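> Need the 3D shape of this:
(2 chains)
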There are 2 protein chains.
Amino acid sequence: MSTQDPGTDVWLDRLFRNARSQNGYRPEPVADEVLARLYDLVKMGPTSTNCSPARFLFVRGAEAKQKLLACVAPPNVPKITQAPVTVVIGMDLGFVDTLPRLFPHMDVRPMYAGKDEFIRATAFRNSSLQGGYLIMAARALGLDCGPMSGFDPGKVDEAFWAGTTVRTNFLCTLGHGDPAKIFPRHPRLGFDEACQLL
Amino acid sequence: MSTQDPGTDVWLDRLFRNARSQNGYRPEPVADEVLARLYDLVKMGPTSTNCSPARFLFVRGAEAKQKLLACVAPPNVPKITQAPVTVVIGMDLGFVDTLPRLFPHMDVRPMYAGKDEFIRATAFRNSSLQGGYLIMAARALGLDCGPMSGFDPGKVDEAFWAGTTVRTNFLCTLGHGDPAKIFPRHPRLGFDEACQLL
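Down below sits the predicted model:
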């Protein structure tokens, strides 16, 4: 491909340059089929030994939303209340059990056996990568996002993942954003501050 | 926007459905200006309190490449050797010092003060998200990627970040992939295995 392809600027704007974190949402719902399309994109993104540790709870109903609201920092209450969907992105610390199916040509379980810290770091890194793919895929499907880490992870674990090997990584609202609620764009680090050419 | 916009399928294929992790590369180089364009997209992706902890070393030259090769698992040697660029994605544990500039409307430093574990988790989660944005932005610019976590993090830290507050998160080759070296696509978890509608 060429970066001069028609539509390149439209897509770079949509995914990166004009996309903004949302603080409020318009009332339009997000259909189940859109969430299915979203996952079908997210799941294709690369993870280490295809370990795919992310788990996604799509919180929409009143009861689940109230449970979630009881676990978050006050500034995040209004946006979760308004958003048609809030995704709880979890990481399954039991991902090693799925590897014979997800990475069938080689038994990589010995790489992880008995290494709890390595398992935890792998689940955290890769579920975060998958969270990044979720944000990009949502924007590609015309949804707006509001990622958040202001919540009590122990409370969310207890409310949503009790009795499982899944732990909460972060939250992300999804929907059609209210442009009036967007904050001014914050500055970014320059290339020379964040990058080196070696 | 509508998901029926012209070009949607081309872009969803390019970013998610047809994009593949690379194991070999064609010899075409990647120009410095492409790396600058890449960072200009990546930097726009959202991070918690705009903390932007990721740091990127673009390893191209023979000396830097040899230093990196001495730190990686044997299966990753050929792809790093062939790739025109390997990015070392680091996380700056000193990101709190940049917050007065990156999040100027509120002093959020007290949120982090004295909380080393929280700082570390924030740097790890958000630099991983930024690594996910890097993969998507590279694909959007027509580059292929090969993300890797098979390396000795202590050795990479020592070789590239000595005397700094940056620690290595993961590596990612960039360039124009050799389709002959791609592995068959691995299976993915189904929607009902990874997701719940609540």
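> contacting residues around the residue of chain A found nearest chain B?
Each residue of chain A has a distance to chain B, by Cβ to the nearest Cβ, and the smallest belongs to A:G132, at 2.3 Å. Glycine gets a C-beta too; all of them are placed from N, C-alpha and C. Under the criterion of Cβ atoms under 8 Å, 6 or more residues apart in numbering or on different chains, the contact list for A:G132 reads B:45, B:128-133, B:135-136.
> Now it: closest residue in space, sequence neighbours ignored.
Distance criterion Cβ to Cβ, 6 or more residues apart in numbering or on different chains; nearest residue to A:G132, sequence neighbours excluded, is B:G132 at 2.3 Å.
> mean confidence score for the strand or helix carrying that neighbour?
Under the assignment given by DSSP states H and E, the secondary-structure element containing B:G132 is helix B:116-140. Mean per-residue pLDDT for helix B:116-140: 98.
> and the one helix or strand in chain A whose mean pLDDT sits lowest with chain B, contact?
Each helix and strand of chain A was given a mean pLDDT (mean pLDDT, DSSP states H and E); the minimum falls on helix A:8-12 at a mean of 92. Yes. Helix A:8-12 comes into contact with chain B (Cβ under 8 Å from any Cβ of the partner chain), by way of A:8, A:10-12.
> Can you tell me the centre-most residue of chain A?
Ranked by distance to the mean C-alpha position of chain A (Cα atoms, centre = their mean), the top residue is A:G131 at 2.8 Å.
> Can you name the residues that contact that one?
Counting by Cβ under 8 Å, 6+ apart, the residues that A:G131 touches are A:54, A:89, A:147, A:169-170, A:172, B:129, B:132.
> 10 Å - rerun?
A:42, A:54, A:56, A:87, A:89, A:91, A:147, A:169-172, B:125, B:128-129, B:132 (Cβ atoms under 10 Å, 6 or more residues apart in numbering or on different chains).
> And for A:H105?
Taking Cβ under 10 Å, 6+ apart, we find A:H105 in contact with B:183-184, B:186.
> Derive a PyMOL selection command for the buried subset of those.
Buried residues within these, by 16 or more other Cβ atoms under 10 Å in any protein chain shown, are selected in PyMOL with:
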select buried, chain B and resi 186
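> Narrow the contacts of A:H105 to those in strands?
Applying DSSP state E to the contacts of A:H105, no entry is found in strands.
> follow-up on the earlier one: pick the one among the contacts of A:G132 closest to chain A.
Using Cβ to the nearest Cβ as the measure, the one of the contacts of A:G132 that approaches chain A most closely is B:G132, at 2.3 Å.
> Tell me which residues touch A:V34, please.
With Cβ under 10 Å, 6+ apart as the criterion, the residues that contact A:V34 are A:85, A:138, A:141-143, A:174, B:3.
> With A:K43 as the reference, measure out to A:A36.
Shown here: A:A36 relative to A:K43, a distance of 11 Å by Cβ to Cβ, to the nearest Å.
> Who has more neighbours out of these two?
For A:A36 versus A:K43, the count of surrounding residues by other Cβ atoms under 10 Å in any protein chain shown is larger for A:K43: 23 against 12.
> ok, that one - contacts?
In this structure, A:K43 makes contact with A:52, A:54, A:56, A:130, A:133, A:137, B:16, B:187-191, B:193-195, judged by Cβ under 10 Å, 6+ apart.
> how far is stretch A:74-86 from where the chain is centred?
Centroid separation for stretch A:74-86 versus its chain: 16 Å, with Cα atoms, centre = their mean, to the nearest Å.
> If we go by neighbour counts, what in it is buried?
Residues of stretch A:74-86 classed as buried: A:76, A:79-80, A:82-86 (neighbour count, 16+ other Cβ under 10 Å).
> Can you name the two of those that sit furthest apart?
Maximum pairwise distance among the buried residues of stretch A:74-86 (Cβ to Cβ): 15.7 Å, between A:N76 and A:P84.
> thinking again about what came up before, please convert the buried members of the contacts of A:G132 into PyMOL selection syntax.
Selecting just the buried residues from those in PyMOL takes one command, with 16+ other Cβ under 10 Å as the test:
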select buried, chain B and resi 45+128+129+130+131+132+133+135+136
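> Report the two of the contacts of A:G132 separated the most.
Pairwise across the contacts of A:G132, and taking Cβ to Cβ, the largest span is found between B:S128 and B:M136, at 13.1 Å.
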